[in-house]
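Participant: test case, fold it:
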Amino acid sequence: QLEAMRLLSELESVSGRFQFIISNQKITAIVDYAHTPDALENVLNTINNIRTKNEQLITVIGCGGDRDKAKRPIMAQIASNLSDKLIITSDNPRSENPETIIAEMEVGVEPQNFKKMLSIQDRKQAIKTACQFAKSGDIILIAGKGHENYQEIKGVRHHFDDMEQVTEFLK
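Facilitator: Here you go, the predicted structure:
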């Protein structure tokens, strides 16, 4: 049993699945591929079950373009209900206008959660803003892209990696 535990502790996590770093300022950043309502709710519930009352949860989320539009308001509703702060942003808009996707997400945020929501179209700026909001002990969840290392805009894939961005901003 001890040998099994030792071997398990040596396993590396799967890239983009609850992948985390802890900054020198004791801010935890988690990158997760959660891009469906169920996956998002599961990861947020997991974080809420392990965090303390003093730790603020800041979630950065977007929805992909040319995909299931019906889930957009649901994703924002879940994130706004289970987070202390929510930043809605772009996530592979593909051929769609990112502003339209964000507006369709915002519809799901209930009035009592408006004050904790912010929309920033530029994903890099959204992640930077989350890092600026965070204080020692806080948790940032960047959801939706996980292991992907690109942002698809108008048919062109641009290099973009959530973990690279958050690591840089938390230095």
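
Participant: list the helices and strands the helix or strand where residue 75 lies packs on?
Facilitator: According to DSSP states H and E, residue 75 maps onto helix 71-82. Using 3 or more C-beta pairs under 8 Å, 6 or more residues apart in numbering; DSSP states H and E, the elements in contact with helix 71-82 are helix 37-50, strand 57-61, strand 85-88, helix 98-106. Backbone N, C-alpha and C define where each C-beta goes, glycine included.

Participant: now do it: everything it contacts.
Facilitator: Helix 71-82 is contacted by residues 36-37, 40-41, 44-45, 48, 57, 59, 61, 63, 86, 88, 101, 104-110, 113, 116-117, 143 when judged by C-beta atoms under 8 Å, 6 or more residues apart in numbering.

Participant: same check, this time on stretch 107-114
Facilitator: Counting by C-beta under 8 Å, 6+ apart, residues outside stretch 107-114 touching it are 72-77, 80-81, 86, 117.

Participant: okay, it in PDB with CA atoms only?
Facilitator: What follows is stretch 107-114 as a C-alpha-only set of coordinates in PDB (Å, rounded to 0.1, in the frame of the first residue of the first chain):
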ATOM      1  CA  VAL A 107     -27.800  36.800 -20.300                       C
ATOM      2  CA  GLY A 108     -27.400  33.800 -17.900                       C
ATOM      3  CA  VAL A 109     -26.000  35.900 -15.100                       C
ATOM      4  CA  GLU A 110     -28.700  36.600 -12.500                       C
ATOM      5  CA  PRO A 111     -29.300  40.200 -11.300                       C
ATOM      6  CA  GLN A 112     -27.900  39.500  -7.800                       C
ATOM      7  CA  ASN A 113     -24.600  38.400  -9.500                       C
ATOM      8  CA  PHE A 114     -24.200  41.400 -11.800                       C
END
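
Participant: which residues of the chain score low on pLDDT?
Facilitator: Within the chain, the segments meeting pLDDT under 70 span 1, 5, 8-9, 11.

Participant: how about a cut-off of 90?
Facilitator: Residues of the chain meeting the criterion pLDDT under 90: 1-17, 53.

Participant: for the most centrally placed residue in it, name its beta-bridge partners.
Facilitator: In the chain, the centroid-proximal residue (C-alpha atoms, centre = their mean) is residue 142; its distance is 2.0 Å. Note on residue 142: beta-bridge partners residue 31, residue 60, judged by DSSP bridges.

Participant: JSON lines for the helices and strands packed on helix 71-82, including distance to residue 138 and mean neighbour count?
Facilitator: Output for these, formatted as JSON lines (distance: least, C-beta to C-beta, whole Å; neighbours: other C-beta atoms under 10 Å):
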{"stretch": "helix 37-50", "distance to residue 138": "11", "mean neighbour count": "16"}
{"stretch": "strand 57-61", "distance to residue 138": "6", "mean neighbour count": "26"}
{"stretch": "strand 85-88", "distance to residue 138": "9", "mean neighbour count": "25"}
{"stretch": "helix 98-106", "distance to residue 138": "23", "mean neighbour count": "19"}
